[in-house]
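Asks: Next comes the sequence, and after it the predicted model I'd like to discuss.
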Amino acid sequence: MGKSRVLVLGATGYIGKYIAKASAQLGHPTFILVRPATLDSSKKELLNSFTAAGITILHGDIGDKESIVAALKQVDVVISALGMPQLLDQLNLIKAIKEVGHIKRFLPSEFGTDVERVSKIKAIQSVFHPKVEIRNAIREAGIPYTFVSSNGFIAYCASFFFKENLQVPPSDKVTIFGDGNVKAIFVAEDDVGLATIKAIDDPRTLNKQLVIRPKTNILSLNEVVELFEKKIGHNLEKNYIPASVIRAQLDELPFPDVIFPAFAFSVFVNGDNLFELGPEDVQATELYPDLEFTTFSSALDTIV
Ligand SMILES: NC(=O)c1ccc[n+]([C@@H]2O[C@H](COP(=O)([O-])OP(=O)(O)OC[C@H]3O[C@@H](n4cnc5c(N)ncnc54)[C@H](OP(=O)(O)O)[C@@H]3O)[C@@H](O)[C@H]2O)c1
């Protein structure tokens, strides 16, 4: 059996580029759907790197059914890495996948925690709701799927936590959400791409959630800060934001201002990354023992 032909939507976005490149790297004929206006934007260099990697660029837009159907006709597997504002546009994609009928796996834009197992707090539920709606639409349509729970992207999170410390001149302060002792999970962006692509042709991930949980990267914020301090050679002044303060913001802030506190509370106070695994979950570390997951510490070396 040959390698599946893969279409990536959102390949010019933050995580999409790692997924598209991993697909080409692992030998899949890879196609990406790029909006016409993006072809002449600051992303030209990225697009050139896709072409150099043998990736085929198709022109289109998630809102343009004709371009979506034309792209679907070229592939067997569809991976969406569309951003948060485009999540519900995936309903059009689901309709088109159902219509063409031959797509053997769809991976919607997830790449975070399990959105069906987050805290029941209303603000948190509403932030994650579009991904839940998409999961339900996929199940209702009977489309073969894999949901990827890849947890926090290391470089993305580290640049966020330490943005003040990485600028010139660096600040010696760092913000910690809650008491900093709740464990979260972090995965390097390259590894998210590789684990995602390994899952697409794998019968063990069919209609399952692929959970990426490298043991070395289950860390509390206090441990993350300690690793960073070791790299820079001195301690930082910690500003702890109490859980009660973040919790109050969840009731007070309007959308979209509530998005960030909702993520912070869910992951760093409630510990939603570390849900108990069930029969619908499969672990990337067990399925793909050949994949050597980058540790948070070594990933920091490329950032500090
Ligand atoms: N776990 C984590 O730490 C973490 C962090 C961030 C994001 N995420 C998740 O990762 C997923 C992807 O987010 P992201 O931040 O990587 O996305 P992003 O950087 O915002 O990129 C969005 C992508 O969607 C494309 N796009 C936008 N509108 C489109 C349209 N109308 N038609 C076709 N393509 C369109 C953009 O193309 P253009 O180049 O044309 O704009 C871009 O490639 C989301 O589910 C998000 O929740 C997880």
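Replies: Yes, it's here.
Asks: Contact residues of the protein facing the ligand?
Replies: 9-16, 35, 38, 43, 61-63, 81-84, 86, 109-112, 150, 152-153, 156-157 (Cβ under 6 Å from any ligand atom). Every C-beta, even on glycine, is put in place using the N, C-alpha and C of the backbone.
Asks: Pull out the buried members of those residues.
Replies: Buried members of those, counted by 16 or more other Cβ atoms under 10 Å: 9-13, 15-16, 38, 43, 61-62, 81-82, 86, 109-112, 150, 152-153, 157.
Asks: thinking again about what came up before, take the residues of the chain next to the ligand and keep only those in strands.
Replies: 9, 152, 153 (DSSP state E).
Asks: Can you get me a residue count around the residue nearest to the last one when sequence neighbours are not counted?
Replies: The reference is to residue 153. Leaving aside its sequence neighbours, residue 153 sits nearest to residue 189 (Cβ to Cβ, 6 or more residues apart in numbering; 5.1 Å). Neighbour count for residue 189, taken as other Cβ atoms under 10 Å: 21.
Asks: Residue 189: what's it in contact with?
Replies: The neighbourhood of residue 189, defined by Cβ atoms under 8 Å, 6 or more residues apart in numbering, consists of 15, 18, 153, 154, 155, 156.
Asks: Can you name the residues that contact the most centrally placed residue in the chain?
Replies: Nearest to the mean C-alpha position of the chain, by Cα atoms, centre = their mean, lies residue 111 at 2.6 Å. Shown in contact with residue 111 (Cβ under 8 Å, 6+ apart): 15, 81, 148, 149, 150, 153, 192.
Asks: So what pairs up with the fourth one in the strands?
Replies: The bridge-partner assignment for residue 149, based on DSSP bridges, gives residue 211.
Asks: ok, how many other residues are close to it?
Replies: Other residues close to residue 149 by other Cβ under 10 Å number 24.
Asks: Could you report the distance from it to residue 21?
Replies: 21 Å (Cβ to Cβ, to the nearest Å).
Asks: gap between the two ends of stretch 35-49?
Replies: With Cα to Cα, to the nearest Å as the measure, stretch 35-49 spans 17 Å from end to end.
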